[in-house]
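[1] sharing a sequence plus its predicted fold:
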Amino acid sequence: MEELVKLLALKPILYGLIGMLISGISFPLAGVVIVRNSLIPMRFMLMHGVILGGIFSIGLNLPLIPVVILINVILVLIMSLLNKDKSINLSTVSTAMMVFTMGIASMLSHIFDVPAKDTLELLWGSPFSLTKSDLFILIFLSLVIVIYIIVFFRQISMIFFDCDIATSMGINVKIHNFVMLLVTALIISVAMKMIGALLIDTLVILPVVCATKTAKGLKDLFIRSSVMGFVISLIGYFCSLIFNLPVSGIMAILSVILFLIFREKKYCQKEPMQNWNNLKLRHCEPKKNWNNLNYRHCEPKAWQSIHK
């Protein structure tokens, strides 16, 4: 215990602990947005964008996180423009952009003569490499995510429920979808330095998947996902200090174990989260013109369940 206290007195260890705990709370919030808004294919593109940004950073000797954030924001903007063509789905656009980013990354790593060791560090990450400026960026992004979800919770819940209904109620779905894409890009950019490009799902996706089994509404899903992420981060970080093992590896194994536990166990709840997609079919009267659908056409029960 004394050795553990001495370790925590070191700045890299303390910064890593603070960073992991903040990430454990905020990253799953973005994960809920990714899962509920069907943005999972897009995260592969952003993970490859992280590698491209890392190679730029190493080759030009620039700060890592700002460069990675800039690259991923540009990728989101390009993807948003390409996705306007409704004949091309999100998965296809994400795949094309992923191949494009990896092609550029391959060429730049050769041009800049980036060592293979530095490239591997981008894939696995380490919270011990966080600086004070990295922590400030992480805290700022986490606050932005939390404030956005709290302020626009009603709009977000309506978009998850049905985009057509949300549009008919005057909600600017396109703007909110773009903001959700941007939030996803920012979170994945920051997650790369701490847990690596390959294990981002450890804190972004799997806590949400585990929480989905017990959550009774969207608000409950956000809370349970954050709690799950916090627990995974806390246990994973201290286990890495005690057993001298990589943080990302321990967290990945722990999150998968939790996933298997929650997957096998049966829970009793009135309104399982997996039935959200069918909610409008059970509670709303069918209308030929969805653009004219509003509160009057749905029974109160449906709207109460959304805002739980």
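    Looks like it arrived, so ask away.

[2] make it CA atoms for all contacts and neighbour counts henceforth
    Will do.

[3] how about residue 37, nearest residue that isn't a chain neighbour?
    residue 160 (6.4 Å; Cα to Cα, 6 or more residues apart in numbering).

[4] who's in contact with the helix or strand where residue 183 lies?
    Residue 183 belongs to helix 173-195 when assigned by DSSP states H and E. Residues outside helix 173-195 that contact it (Cα atoms under 8 Å, 6 or more residues apart in numbering): 20, 23, 27, 30-31, 33-34, 39, 43, 46-47, 50, 65, 68-69, 72-73, 76, 80, 122-130, 138, 141, 145, 156, 159, 163, 166-167, 197, 200, 247-248.

[5] strands - which of those residues land there?
    Counting by DSSP state E, no part of the contacts of helix 173-195 is found in strands.

[6] of the residues you listed, buried ones?
    For the contacts of helix 173-195, a burial check counting by 16 or more other Cα atoms under 10 Å picks out 20, 23, 27, 30-31, 33-34, 39, 43, 46-47, 50, 65, 68-69, 72-73, 76, 80, 122-128, 130, 138, 141, 145, 156, 159, 163, 166-167, 197, 200, 247-248.

[7] buried sites along stretch 9-24?
    12-24.

[8] how far does it sit from its chain's centre?
    Computed by Cα atoms, centre = their mean, to the nearest Å, the chain-centroid distance of stretch 9-24 equals 19 Å.

[9] avg pLDDT for it?
    Computed over stretch 9-24, the mean pLDDT rounds to 91.

[10] just stretch 237-250 next, same as before
    Across stretch 237-250, the average pLDDT comes to 89.

[11] isn't the residue nearest to residue 37 right up against residue 35?
    No. Contact criterion Cα atoms under 8 Å: residue 160 and residue 35 do not qualify, at 10.1 Å.

[12] low-confidence stretches in the protein?
    Low-confidence segments of the chain, defined by pLDDT under 70: 85-88, 120, 197-198, 264-308.

[13] against residue 225, how distant is residue 255?
    Distance, residue 255 to residue 225, using Cα to Cα, to the nearest Å: 12 Å.

[14] the two: who's more crowded?
    residue 225 (31 against 25; other Cα atoms under 10 Å).

[15] remind me what the helix or strand hosting that one packs against, helices and strands.
    Using DSSP H and E, residue 225 sits within helix 218-243. If you count contacts as 3 or more Cα pairs under 8 Å, 6 or more residues apart in numbering; DSSP states H and E, helix 218-243 packs onto helix 11-36, helix 201-204, helix 206-212, helix 247-264.

[16] name the nearest residue to residue 194, ignoring sequence neighbours.
    Residue nearest to residue 194 in three dimensions, not counting chain neighbours: residue 127, with 4.2 Å by Cα to Cα, 6+ apart.
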